[in-house]
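> Prediction below, plus the sequence it came from.
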Amino acid sequence: AKGSAVQTQCLSNLKQINLAMTLYCGDFGDKTPSANSVKSTSREEDIWWWYKELVKPYAGIKVTTTSGGLYPYPPDPRGSNDMVFHCPVDRGWKDYGYPNPHYTNPSLDYGSYVFNGCDNAGNPPAKTTLLKITLSSVKHPSRTWMMSEWPIHWGYSWHSNPYGKQDIAFKDAKINVSMVDGHAQFIKTYYNLALGSAPFGYLTKDIPDSYGYQNGPD
């Protein structure tokens, strides 16, 4: 029962974040962020984490910037206003060098959830992400995910894991996601090492239709 309550809370969080991103896009000609949309005080940040700085105002969170319009790290990342970006069972990813929950990590902008904008590891962003497009151009908005828990990138689960707390990729890992059309689901995700160890890079044709989701906007 406790696990079910946590999973439901995550769905609620993702719906709110999804709405915040939709509102943000609405104010910018229906366009999603580009890979370099967010700068911290020192560099351009990875948008799949740092989208948070763009959508905070739309989620009811006060935002302050430096004189140059750059985004500083939030002074109180565990404040009540920020909890919508926290998954209660987020445990980080120890084997990858993140031994603590992502929502405690300043380099990840203190968040458990990601935007579908990951363009690293040789990923072809035009085919597998929602970077720099109009939301209205997404052909299958009820299948194309926009926000998700971090493990969607690597094929494991924080909620239902046969390996306990070991973050090992496996087929049919269950993850909370929210789709472009605004609804959220607890879905099984596809993992096939022959296609690569990073499932966020799988093309639409690679993911069987029965899984009910896709990465790209096609």
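Done, it's in.

> tell me the centre residue of this protein?
residue 114 (1.6 Å; C-alpha atoms, centre = their mean).

> Bridge partners for that one, pull those for me.
Beta-bridge partners for residue 114, by DSSP bridges, are residue 148.

> List the residues that contact it.
Counting by C-beta atoms under 8 Å, 6 or more residues apart in numbering, residue 114 touches 48-49, 147-150, 152-153. From N, CA and C alone the C-beta is placed, and that goes for glycine too.

> any idea how far residue 201 is from it?
Per C-beta to C-beta, to the nearest Å, residue 114 is found 14 Å from residue 201.

> same thing with residue 170?
Distance from residue 170 to residue 201, by C-beta to C-beta: 17 Å.

> the more surrounded of these two?
The residue with more neighbours, out of residue 170 and residue 201, is residue 201; 22 against 13, by other C-beta atoms under 10 Å.

> contacts for the lengthiest helix in the chain?
Longest helix in the chain, counting residues (DSSP state H): helix 2-26. Here helix 2-26 makes contact (C-beta under 8 Å, 6+ apart) with 31-33, 51, 54-56, 58-59, 84-89, 113, 115, 134-135, 146-149, 159-160, 176-179, 182-186.

> Filter the residues you listed down to the ones in strands?
Among the contacts of helix 2-26, the ones falling in strands (DSSP state E) are 113, 115, 146-149, 176-179, 184-186.

> what stretches of the chain score poorly on pLDDT?
Applying pLDDT under 70 to the chain flags the ranges 1-3, 41-42, 62-81.
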